[in-house]
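Participant: Any chance you can model this:
(4 chains)
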Number of protein chains: 2
Amino acid sequence: MVRWEPGARERLQKAALELYAARGFEQTTAADIAESVGLSERTFFRHFADKREVIFNGQALFEQAFVDGISSASPGSPALDVVAAALEAAGSFFPDERRGYSRLRQSIIVANPSLHERELLKMTALSTRIAAGLREHGIPEPQATLAAQSGATVFHVAFGQWIAEGETRSLPEIEREILGELRSVTQESA
Amino acid sequence: MVRWEPGARERLQKAALELYAARGFEQTTAADIAESVGLSERTFFRHFADKREVIFNGQALFEQAFVDGISSASPGSPALDVVAAALEAAGSFFPDERRGYSRLRQSIIVANPSLHERELLKMTALSTRIAAGLREHGIPEPQATLAAQSGATVFHVAFGQWIAEGETRSLPEIEREILGELRSVTQESA
DNA sequence: ACACCTGATGACAGCCGCTGTCATCATGGG
DNA sequence: CCCATGATGACAGCGGCTGTCATCAGGTGT
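Facilitator: Next up, the predicted model:
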């Protein structure tokens, strides 16, 4: 006889995503989510710092994928090649099975400015982490920050395309294309 | 005999910046700000959508500076050269007299995550606007978005350096340097 | 003059996000 | 068998933000 069911955090996350998708983020209160899985509002806020954070999970693992990619690049490579390795590794973090889920989640985020804000903060955290990784890999500032930001941009644009309606290519494939576009955009010059 | 002093909006902005700097953002309530200039909390929220927005002003003018810079570039130029023109125009939006103010404002923003979030949203709005400007200038997607994001990144990094302690160069000067760094980061390749 | 309209404001009630605090109670260790 | 631990609930309370209604100065039209 258990006093409480296990996996409270996971149940809350699942319920939150469903309710945000069904009614919208603002129309869903923290109490709604908690009660829908038999918990109190107070417990919700013990598991998540705020109402937005509940759908931003696994950020650490996500960032780690990039960092691992950086480590896999041979030292001394040009900054953008190291970034390419990071993108490759991160791309595998989103296999095709995950496309449907990512699409749903992203549709919730773009539908709400405050969730969009939070996503931008996460992307900035990612970029900061990549820059730190590049520095450890021997790339100095300001190149590290510029390359990291460029990598985050490529990821973001590629991710947007990956979840676009009708898109069938894998994320790494799209990333390579977008990175190529970025290279040519910055190479034409006067 | 006036019922209310004019310039409520401006007085609120000034008071907010001062209070945020003095006590910190979270320790300042909207009512504090309003009362400090003889207005009610309700009036504060009539002038500003929320407590953060009060220190993000003139965004439209700021964006327009970039857009004007784009228009000034000769049509048919490479995307990054158009972006360079936009950066040049935007740089003049921050003359050296403004450096002290910008420094104070930025120190308030970086001291508070929720203000940081809002700033990122504004930067994204800027990037979106630049991308639209580039498209009107004949640059197709995805080049427009990539070039716009790169421009926003260069601006952000350059701005950070401009308000760094001991920095004396003008913003446009720093922007040119950072843009050059970005070019070389993306040109070395394998 | 006078009635009227407009626009900025104040007052008040109320919802919700979020926090501090204390009590409760299963589980596992000594 | 007692106690420490840890997840939870209950409750009070603050502050951000909104809806609504009343107030009142200044300008407008007749």
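Participant: Name the residues of chain A found near DNA strand D, please.
Facilitator: A:4, A:8, A:34, A:38-40, A:42-43, A:46-47 (CB under 7 Å from any atom of the strand). Placement of C-beta: from N, CA and C, glycine included.
Participant: of all those residues, which comes closest to residue A:76?
Facilitator: Comparing the residues of chain A next to DNA strand D against residue A:76 with CB to CB picks out residue A:47 as the nearest, at 44.1 Å.
Participant: Can you check the pLDDT for the closest one?
Facilitator: If you check residue A:47, the pLDDT there is 97.
Participant: Wait, residue A:183 touches residue B:183, no?
Facilitator: No: if you go by CB atoms under 8 Å, residue A:183 and residue B:183 don't touch, sitting 10.9 Å apart.
Participant: And the strands in chain A, which stretches?
Facilitator: Counting by DSSP state E, chain A has no strands at all.
Participant: so where is it shaky, pLDDT-wise?
Facilitator: Low-confidence segments of chain A, defined by pLDDT under 70: A:1-3, A:189-190.
Participant: what's the distance between residue A:110 and residue B:124?
Facilitator: Distance of residue A:110 to residue B:124, given as CB to CB, to the nearest Å: 12 Å.
Participant: Could you do residue A:108 as well?
Facilitator: Residue A:108 is 18 Å from residue B:124, where distance means CB to CB.
Participant: tell me, how many neighbours does residue A:76 end up with?
Facilitator: 10 (other CB atoms under 10 Å in any protein chain shown).
Participant: Skipping adjacent residues, who's closest to it in space?
Facilitator: residue A:138 (6.9 Å; CB to CB, 6 or more residues apart in numbering or on different chains).
Participant: again, but for residue A:72
Facilitator: residue A:85 is the one closest to residue A:72 (CB to CB, 6+ apart), at 5.5 Å.
Participant: quick one: that neighbour and residue A:70 touch, right?
Facilitator: Yes: between residue A:85 and residue A:70 there is a contact under CB under 8 Å: 6.5 Å.
Participant: on that earlier part again, give the PyMOL command for selecting the buried subset of the residues of chain A next to DNA strand D.
Facilitator: When burial is assessed using 16 or more other CB atoms under 10 Å in any protein chain shown, the buried subset of the residues of chain A next to DNA strand D is captured in PyMOL by this command:
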select buried, chain A and resi 8+34+39+43+47
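Participant: would JSON lines of the residues of chain A next to DNA strand D with distance to DNA strand C be doable?
Facilitator: Below are those laid out as JSON lines (distance: CB to the nearest atom of the strand, whole Å):
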{"residue": "A:4", "distance to DNA strand C": "8"}
{"residue": "A:8", "distance to DNA strand C": "15"}
{"residue": "A:34", "distance to DNA strand C": "10"}
{"residue": "A:38", "distance to DNA strand C": "15"}
{"residue": "A:39", "distance to DNA strand C": "13"}
{"residue": "A:40", "distance to DNA strand C": "9"}
{"residue": "A:42", "distance to DNA strand C": "5"}
{"residue": "A:43", "distance to DNA strand C": "10"}
{"residue": "A:46", "distance to DNA strand C": "8"}
{"residue": "A:47", "distance to DNA strand C": "11"}
